[in-house]
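>>> model the structure of this input:
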Amino acid sequence: MRKTYLFIAALLLTTSSMAQEFRSGIKGGFNYSSLYVDDVEDRKIRPGFHIGFFGQSQLADAVALQTELLYTTAGNRSTYDVGPFDGTVDFNLNYLQVPVMLNFKIADALELHGGLYAAYLIGANTSTDGDFGAGFQELDQDNFNDLDFGFAAGLGANFGNLQLGLRYNLGLSEIADSANARDLIGDSKNVIGQIYAAIGF
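Model (predicted):
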């Protein structure tokens, strides 16, 4: 974990030193996550959230490099229907995520974002709610890969120091790291859609 924090600090320091014009701020919003194997399908969507900080260095008039440090949720939601009984089961993954994005200004108030992310798993659990009752169970993190990584892309609209935007994260790393986990989720990877607000200082 210490190496992860040092890596994140180095990324943020590098970003701030690459250009004279630098700004930072906070961002957060809603997540809509699921798992996929071969094809991404909008099924078993789990609602969640993300929150954290960003630093942005202006590289040119219309191009900026943005590095973020986010706490973000992932996983999926399943439903059960057994006779007259129904309910939901959430598979919850919590990550410390570092996206590194290039931002391209395409209009006075619009930006396109594209880049990569790396994320470190800090928690895994399941939660249930339904006619059979509610419950919560921590999962052994040794069953899952510590590191997740993938592509990220999005669109932002600027209103002064406020930005509202959408982002899509496509994981490239398999989540399971044991036979037991593969029996549960196979070769699944993360996919997350985000709606966010960011405030620059």
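
>>> got any ranges where this protein has weak pLDDT?
Scanning the chain for pLDDT under 70 picks out 1-20, 41-42.

>>> what are the ranges of the helices in it?
Here the chain has its helices, by DSSP state H, at 2-17, 179-185.

>>> spatially central residue in the chain, please.
Nearest to the geometric centre of the chain sits T72, at 4.9 Å (Cα atoms, centre = their mean).

>>> in contact with the closest residue to that one other than its chain neighbours, which residues are there?
Excluding the flanking residues, the one nearest T72 by Cβ to Cβ, 6 or more residues apart in numbering is H50, at 3.9 Å. All C-beta spots, glycine's among them, are computed from the backbone N, C-alpha and C. Shown in contact with H50 (Cβ atoms under 8 Å, 6 or more residues apart in numbering): 27-29, 31, 70-73, 97, 194, 196.

>>> switch to 7 Å and redo it
If you count contacts by Cβ atoms under 7 Å, 6 or more residues apart in numbering, H50 has them with 28-29, 31, 70-73, 194.

>>> name only those of those residues that count as buried.
28-29, 31, 70, 72-73, 194 (16 or more other Cβ atoms under 10 Å).

>>> the residue nearest to A176 when sequence neighbours are not counted and N158: what is the separation?
Once flanking residues are discounted, A176 sits nearest to R182: 4.5 Å by Cβ to Cβ, 6+ apart. Going from R182 to N158 by Cβ to Cβ, to the nearest Å gives 44 Å.

>>> my read: D90 touches D129, true?
No. Taking Cβ atoms under 7 Å as the definition, D90 is not a contact partner of D129, at 8.1 Å.

>>> who has more neighbours out of those two?
Ranked by neighbour count (other Cβ atoms under 10 Å), D90 and D129 place D90 first, with 19 against 13.

>>> show me what the more buried one is bridged to.
Bridge pairing for D90 (DSSP bridges) gives the partners R77, S127.

>>> just G52 next, same as before
K27, L70.

>>> pull the contacting residues for it.
Applying Cβ under 7 Å, 6+ apart to G52 gives the contacts 27, 68-71.
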